[in-house]
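Visitor: Predicted model, plus sequence, below.
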Amino acid sequence: MADAMNIDSEETRGVSKPTSGVKSRAKLLKRLKSDAAQSDRQKFFLKSQPEVRSTFESETWKVLESSINAIQTGVPVTESLELLYQACLNLCRLSKAQYLYNNLCKQCQHRIKTDIERLSQSTMAGGSFLKLVKDYWTSFQDQMTMIRSIFLYLDRTYLIHATEYSSIWDLGLYILRTELMSEGKVLNRLIEAYLGLILKERGGDVVEWLDLQSISRMFIDLGIYDTVFEPAFLDQTKQYYSSVAASKIESISGSAFVSWTVQALKDETEDRINRYIDIRSKAKVVKTVEDSIILENVDLIISKAFKPAITMGDMRNLRQLYDLCRRVSCLRKLCMSFSSYVKESGLVIIHDVSDSNTTVTSVLEFKRKIGSIVKECFNNDIMFLDALKDSFTSFLNFQPNKAAEIIAKFVDSKLRNSSKQKESLDELDELFDHILTIFRYVQGKDMFDAFFKRDLAKRLLLGRSISADAERTILTKLKLECGPSFTSKAEGMLKDMDASKKLMKEFKTSYPLEAFNVSILTQGYWPVYPQTSLNLPPEILEWHIAFQKFYNNKYSGRRLKWQSSLGYCLLRANFPLGQRELSLSQFQAVMLLLFNRRETYSFTELFSESGIEEAELARTIQSLCFGPHKILLKSPPDPTIKPTDTFSVNEQFEASTFRLKVSSLMTKEPVETNSAISKQVMQNRQYQIDAAIVRILKARKELPHDQLCQETQSQLNFPAGSADIKKRIESLASREYLERISDDGNVLLYRYI
């Protein structure tokens, strides 16, 4: 039968020692499978079974045993592989598979046990011992591949059906695993050496990672990776990083610690996993490192790293810090620090509101910075977006109504033509968009509305607006933000100015007074101005009379009230040192025109001649005597105004420019004026609370006190506390708009009467 197979003896017997490498084993296995197929085909030509000698079984096993010993000891195999395969085949066909299997088990077990004992007696340590085991593992794989090739028929026909092993390879792995586990020392030394090399690599040393990779593969094939190696590896990883992190967090900066943590995670989860730690461990390794470094030190990491990073605008470090906190589900802690920082920094910015331009510009820049951080570093996380909103709302409303006032003043400064830096319409459009981002956080929008309309009125009436288009731009944005009712009066002001221009054009066709302009104001749109008395000089009075006559003829059912406090004039003055044009308020102009009649006036005489109220007259005189342009001289020259003081024109007055703007002495808004606006807004709020309460009770008939307060707060566009609402409820009850009743449970209810 062997002659019929006709296998080249040199090729088959040239295997003198176990081959190495996957390709060699695969090639050999393929060839033996082919031999087995040929042998199976040959059996059909046998006419009868030959008679078997009584010693055939033992003799055949001795041949196989000798070959197994040769393979396991690394010496040349004397028999050809096809004869060895045929020997196994013959025993199996003689129903000696169990006998063959038992002997093979004993032989492998004896050899593996001997090898383990040899390894345990080795004096090598660390990397050398690991390499020794690695070499043994490589040899073991080659041996078992060769043995399986010889016993391939047994492997295919017996093991898979009669034993718990799917192959002779699995049988070998089982025996090796059992011996390693029972002996213990070799496995412990191996794991210790493995982990020692990892520690060296973590410390910066270069190690033979291919050896580590082979041992990892060995652990996996033996089925002890998950149960024996991985727990030890994870425990060492935890101890190492807990110790190193505790040391580093105290010795290096927060920024450096965050960078080190990121690198440590990369080393463990990318470099190490990709090279020799199995991918199945990745999730556990990640969690171990995260818990050991981040979770155990998260409060200290945030306290040391966050504030310096956000203060310096270190976007990379903030992004890393966010990712670290996200990994251990501690974003809420980071968010709390973020919120505290925004509130504290915001309060510092708005601490001094004396210069609204500087304050609002700083808030806008701060908002831009924080917005960029949330977008680029915190991935627009909804938690941080909400924290940003709440924090800005908190510090902007820390001083009630103050933010609304300074934002209104900032808008006014950008829309006045006296602004030093004039933006284009496109630049203003972009600026107003940014302003609205912080305006949204302001709770007292009605306070903003009051100051905005006052400033708008001044710009329009005094001709200080940069353009009607710019005014309409901000109104359009406010309308979209707050609704049509919010801007209805301001839009009415612009309509009045357009209507006034058309009216003056019609007036001047009959009365060619180019230097005279009148603005007709609808009473419901404009702020309420106090009525002031003023004795107009004849040259101005005749213009008033002409316009009054024209207007009465055109609108017979209307009545005009002149607002002298809002008027302004342009006077041409002839001084001894040269002619100048003076831009003045109407009060200042009337004062100076009096000096065309006389050279000197006392305060009492000026009061009598001008008809200006005493307090206003004193301010007007001070602006002309002690302002930047000293047009009048006072005697005595002290700044205090007394009834007996006298005033005359400054004959030595000179200026570098032809046209001069003579400002009022008060360059800032009087405190009492701002206070009056605030007081009026607070009064209007009371009316709105009353209206909301009545509206709710009309619809709901009756409500408990707490629910009434909650629904009232939801309908208001300004902050109102429960105490404020309670006062208005009591006020309405005292005026019999509603009544108090109690239900069976003694719950206080309110009902609309």
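Guide: Perfect, thanks for sending it.

Visitor: rest of the way, CA atoms for contacts and neighbours
Guide: Fine.

Visitor: just the helices in the stretch 201-350 of the chain please.
Guide: In the stretch 201-350 of the chain, helices defined by DSSP state H, counting those that start in this stretch lie at 209-222, 230-251, 254-266, 273-275, 282-289, 298-312, 315-327, 331-349, listed in chain order.

Visitor: for the record, mean pLDDT for the shortest one?
Guide: Along helix 273-275, the predicted confidence averages to a pLDDT of 87.

Visitor: Same question for the fifth one.
Guide: Average pLDDT, helix 282-289: 93.

Visitor: ditto for stretch 155-174
Guide: The model assigns stretch 155-174 a mean pLDDT of 84.

Visitor: Quick one, which of the helices of the stretch 201-350 of the chain gets closest to Asp645.
Guide: Minimum separation from Asp645 across these (CA to CA) falls at helix 331-349, 45.8 Å.

Visitor: Would it be right to say that Leu660 lies in a helix?
Guide: No - counting by DSSP: H, G, I helix; E, B strand; the rest coil, Leu660 is not found in a helix; it is strand.

Visitor: what pLDDT does Phe44 get?
Guide: We note a pLDDT of 38 for Phe44 in this prediction.

Visitor: Show me what the helix or strand hosting Arg685 is packed against.
Guide: Using DSSP states H and E, Arg685 maps to helix 671-700. Other elements packing on helix 671-700 under the criterion 3 or more CA pairs under 8 Å, 6 or more residues apart in numbering; DSSP states H and E are helix 445-461, helix 705-715, helix 722-734, strand 748-752.

Visitor: Which residues in it does the neighbour count mark as buried?
Guide: The neighbour-count check on helix 671-700 (16 or more other CA atoms under 10 Å) flags 677-678, 681, 685-686, 688-690, 692-694, 696-697 as buried.

Visitor: Any chance of those residues in CSV with pLDDT and distance to Pro530 as columns?
Guide: Formatted as CSV, these follow (pLDDT from 0 to 100; distance: CA to CA, whole Å):
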residue, pLDDT, distance to Pro530
Ile677, 76, 13
Ser678, 76, 17
Val681, 79, 17
Arg685, 80, 22
Gln686, 83, 23
Gln688, 85, 25
Ile689, 85, 28
Asp690, 85, 28
Ala692, 87, 31
Ile693, 86, 33
Val694, 87, 33
Ile696, 86, 37
Leu697, 83, 38
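
Visitor: in the chain, which segments are predicted with low confidence?
Guide: For the chain, the stretches flagged by pLDDT under 70 are 1-54, 353, 418-422, 665-673, 743-747, 753.

Visitor: Quick one: work out the angle between the helix holding Arg685 and helix 705-715.
Guide: Angle, helix 671-700 to helix 705-715, by axes from the mean of the first three to the mean of the last three CA atoms, to 10 degrees: 120 degrees.

Visitor: Is it correct that Ile71 is in contact with Gln143?
Guide: Yes - counting by CA atoms under 8 Å, Ile71 does reach Gln143; the two are 6.1 Å apart.

Visitor: List the contacts of Ile294.
Guide: Applying CA atoms under 8 Å, 6 or more residues apart in numbering to Ile294 gives the contacts Thr261, Ile301, Leu324, Cys325, Val328.

Visitor: Please disregard the earlier target; I meant Met181.
Guide: Leu187 are the contacts of Met181 under CA under 8 Å, 6+ apart.

Visitor: what does Phe229 give?
Guide: With CA under 8 Å, 6+ apart, Phe229 has these contacts: Ile191, Phe219.

Visitor: next one: Leu396
Guide: Leu396 neighbours (CA under 8 Å, 6+ apart): Gly346, Leu347, Ile350, Ala403, Tyr441, Val442.

Visitor: for this structure, what spans make up the strands?
Guide: Here the chain has its strands, by DSSP state E, at 568-575, 578-585, 600-602, 632-635, 646-649, 659-661, 702-704, 738-742, 748-752.

Visitor: got those as JSON lines, with mean neighbour count and distance to Tyr276 columns?
Guide: Below are the strands of the chain laid out as JSON lines (neighbours: other CA atoms under 10 Å; distance: least, CA to CA, whole Å):
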{"stretch": "strand 568-575", "mean neighbour count": "15", "distance to Tyr276": "87"}
{"stretch": "strand 578-585", "mean neighbour count": "18", "distance to Tyr276": "86"}
{"stretch": "strand 600-602", "mean neighbour count": "18", "distance to Tyr276": "102"}
{"stretch": "strand 632-635", "mean neighbour count": "20", "distance to Tyr276": "94"}
{"stretch": "strand 646-649", "mean neighbour count": "20", "distance to Tyr276": "98"}
{"stretch": "strand 659-661", "mean neighbour count": "15", "distance to Tyr276": "83"}
{"stretch": "strand 702-704", "mean neighbour count": "18", "distance to Tyr276": "70"}
{"stretch": "strand 738-742", "mean neighbour count": "16", "distance to Tyr276": "77"}
{"stretch": "strand 748-752", "mean neighbour count": "18", "distance to Tyr276": "74"}
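
Visitor: Throw those strands into TSV and include distance to Asp381, thanks.
Guide: Below are the strands of the chain laid out as TSV (distance: least, CA to CA, whole Å):
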stretch	distance to Asp381
strand 568-575	54
strand 578-585	55
strand 600-602	71
strand 632-635	64
strand 646-649	68
strand 659-661	53
strand 702-704	39
strand 738-742	47
strand 748-752	43
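
Visitor: Nearest to Ile310, out of these?
Guide: Counting by CA to CA, Ile310 lies closest to strand 659-661 out of those; the figure is 46.2 Å.

Visitor: who wins for most neighbours among the contacts of Leu396?
Guide: Comparing these by number of neighbours (other CA atoms under 10 Å), Ala403 comes first, having 28 neighbours.

Visitor: from memory that residue sits against Arg440, does it?
Guide: No - with contact defined as CA under 8 Å, Ala403 does not count as touching Arg440 (11.2 Å).

Visitor: Pull up the overlap in contacts between those two.
Guide: If you check Ala403 and Arg440 against CA under 8 Å, 6+ apart, no residue is contacted by both.

Visitor: excluding its backbone neighbours, what's nearest Asn401?
Guide: Excluding the flanking residues, the one nearest Asn401 by CA to CA, 6 or more residues apart in numbering is Gly444, at 5.6 Å.

Visitor: gap between the one you found and Ile474?
Guide: In this view, Gly444 and Ile474 are 18 Å apart by CA to CA, to the nearest Å.

Visitor: ok so, going back, ok, the contacts of Leu396 vs Leu415, which is closest?
Guide: Ala403 (18.5 Å).

Visitor: Not counting residues beside it along the chain, what's closest to the closest one?
Guide: Computed as CA to CA, 6+ apart, the closest residue to Ala403 that is not its neighbour in sequence is Leu396, at 5.7 Å.
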